[in-house]
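J.: predicted model, plus sequence, below.
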Amino acid sequence: MKLVWWMLAGSILSSLVLSPLFGAEARLEIWLGMLGPLASAVASWIAMERQHLRRPEGMTRLMIRAFAAKMVFFAAYIAVLLRSGWVRPIPFVVSFMGYFLSLHAAEAFGLRRLQAAGLPASPGNLRGQ
């Protein structure tokens, strides 16, 4: 759950910093470019943490399902925002891709730490050998 708070704080703070830098006309694109990837990352991270606590062996199955759900969600999210005319395409896509990549990198590092914490001690896992 700690990673969720870091993702939320980092995303909101960076949006607060970027909005004035790019002006009022890009504010909506920056925030909407952040909200989709943030919602997806938070939801999938919470699901992964719960799965890891209950049944760690089911992580792969959960991640495959989450990947499929994300594909559908992002296709609909981007299509609705771009076709509706609510956002300008270039600032929205730049914001979206920046948050998408950074939040999924955070998830990947968090997943690595989560799974490494559950590894049994073995000669290959011991430090200093």
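T.: Received, thanks. Keep in mind it's a predicted model, so treat the numbers as computed, not measured.
J.: gap between the strand or helix carrying residue 98 and the chain center?
T.: Secondary structure from DSSP states H and E places residue 98 in helix 89-117. Put simply, helix 89-117 sits 5 Å off its chain's centre (C-alpha atoms, centre = their mean, to the nearest Å).
J.: so what does it touch, helix or strand wise?
T.: For helix 89-117, the elements it packs on are helix 2-22, helix 27-54, helix 59-84, judged by 3 or more C-beta pairs under 8 Å, 6 or more residues apart in numbering; DSSP states H and E. Where C-beta positions appear, they are placed from N, C-alpha and C, glycine not excepted.
J.: for the residue nearest the centre of the chain, give me its contacts.
T.: Centroid-nearest residue in the chain: residue 41, 3.0 Å away (criterion: C-alpha atoms, centre = their mean). By C-beta atoms under 8 Å, 6 or more residues apart in numbering, residue 41 lies in contact with 7, 103-104, 106-107.
J.: for stretch 77-92, the averaged confidence score.
T.: Mean per-residue pLDDT for stretch 77-92: 94.
J.: mind listing what's buried in that stretch?
T.: 77-78, 81, 87, 91-92 (16 or more other C-beta atoms under 10 Å).
J.: show me which of these is closest to residue 48.
T.: Using C-beta to C-beta, residue 77 is the member of the buried residues of stretch 77-92 that sits closest to residue 48, with 20.6 Å.
J.: shaky segments in the chain?
T.: In the predicted model, the chain carries pLDDT under 70 at residues 118-129.
J.: before we move on, back to that, what's the most distant pair in the contacts of residue 41?
T.: Farthest pair in these (C-beta to C-beta) is 7 and 104. Separation: 10.3 Å.
J.: who has more neighbours, these two?
T.: Applying other C-beta atoms under 10 Å to residue 7 and residue 104 shows that residue 7 carries more neighbours, namely 21 against 15.
J.: from residue 57, how far off is that one?
T.: 26 Å (C-beta to C-beta, to the nearest Å).
J.: do residue 92 as well
T.: Here residue 92 is placed at a distance of 39 Å from residue 57 (C-beta to C-beta).
J.: still on that earlier bit, distance to residue 1 added to the buried residues of stretch 77-92, as JSON lines?
T.: As requested, the buried residues of stretch 77-92 are exported to JSON lines (distance: C-beta to C-beta, whole Å):
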{"residue": "77", "distance to residue 1": "25"}
{"residue": "78", "distance to residue 1": "28"}
{"residue": "81", "distance to residue 1": "29"}
{"residue": "87", "distance to residue 1": "31"}
{"residue": "91", "distance to residue 1": "32"}
{"residue": "92", "distance to residue 1": "30"}
